[in-house]
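In: Have a look at this prediction, sequence included:
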Amino acid sequence: MARYRGPKSKIARKFRQPIFGPDKALEKKNYPPGQHGPSKRRGKQSEYAIQLAEKQKAKYTYGILEKQFRNLFKKASKSHGITGENLLRLCELRLDNVVYRLGIAPTRRAARQLVSHRHILVNGEVVNIPSYSLKPGDIVSVREKSKSLEAISNSLNVNVCNSDWLEWDRALMSGKVITEPQREQIPENIKEQLIVELYSK
């Protein structure tokens, strides 16, 4: 299964944001990686470099590789509305992201693993494709055999579903996609317009 397997702290330091979750290395060294440390003078970035960095940040945040991300962009550009917002909406509606947003997993990477290991149901059926696209009305739940998993119960004890576009039932361990998320409901610090400008060149 294709996914990023490289160093996480290095990426978090590059963007100065905890992209893969809380990171002690980022707290200690809140400056980009490199042998010269924080004192190294860095030249002014070009417009292309800024746009590319924003695209990479979005890809790492949602755990999507280039080919899949480009396909999402094509789909977003063909949909009605603002392309950048459509792109983020499609990323948010991925099954692994919704599992993370519901609090079933502490990170998107952990959510991806739960999905691929067949612990998650969509409308009562096992779905093991992390990139599966959900739509309003879909119900995401934990498989009956998996409800006693320590990893899931620990995550639910710590994480609370704070997304207005999702509804979570703790007793049933199931959540519902009420509506498609609007831009103001997506907390990620991503400048989607820069990504649109990059792909439009």
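Out: Structure's in. What do you need? Numbering: from 1, shown residues only.
In: Which parts of the protein belong to which domain?
Out: 8-35+44-90, 95-181 (automatic domain parsing).
In: Which of these has the lowest mean pLDDT?
Out: Mean pLDDT per stretch puts domain 8-35+44-90 lowest among the domains of the chain, at a mean of 81.
In: Pick out the residue closest to the middle of this protein.
Out: Within the chain, one residue has its C-alpha closest to the average C-alpha position: by Cα atoms, centre = their mean, that is residue 62, at 2.9 Å.
In: Please name the nearest non-neighbouring residue to it.
Out: Leaving aside its sequence neighbours, residue 62 sits nearest to residue 91 (Cβ to Cβ, 6 or more residues apart in numbering; 4.6 Å). Using the backbone N, CA and C atoms, a C-beta is placed for each residue, glycine as well.
In: OK, contacts around residue 162?
Out: Residues counted as contacts of residue 162 (Cβ atoms under 8 Å, 6 or more residues apart in numbering): none.
In: An error on my part: the question was meant for residue 176.
Out: Per Cβ under 8 Å, 6+ apart, neighbours of residue 176: 137-140, 166-167, 169.
In: With residue 95 instead?
Out: 115, 120, 122, 127, 129-134, 140.
In: Would you mind giving me the ChimeraX syntax to select the buried ones in those residues?
Out: Buried residues within these, by 16 or more other Cβ atoms under 10 Å, are selected in ChimeraX with:
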select :115,120,122,127,130,131,132,134,140
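In: in this structure, which spans are helices?
Out: 8-15, 24-28, 47-62, 66-78, 83-92, 95-101, 108-116, 150-158, 192-199 (DSSP state H).
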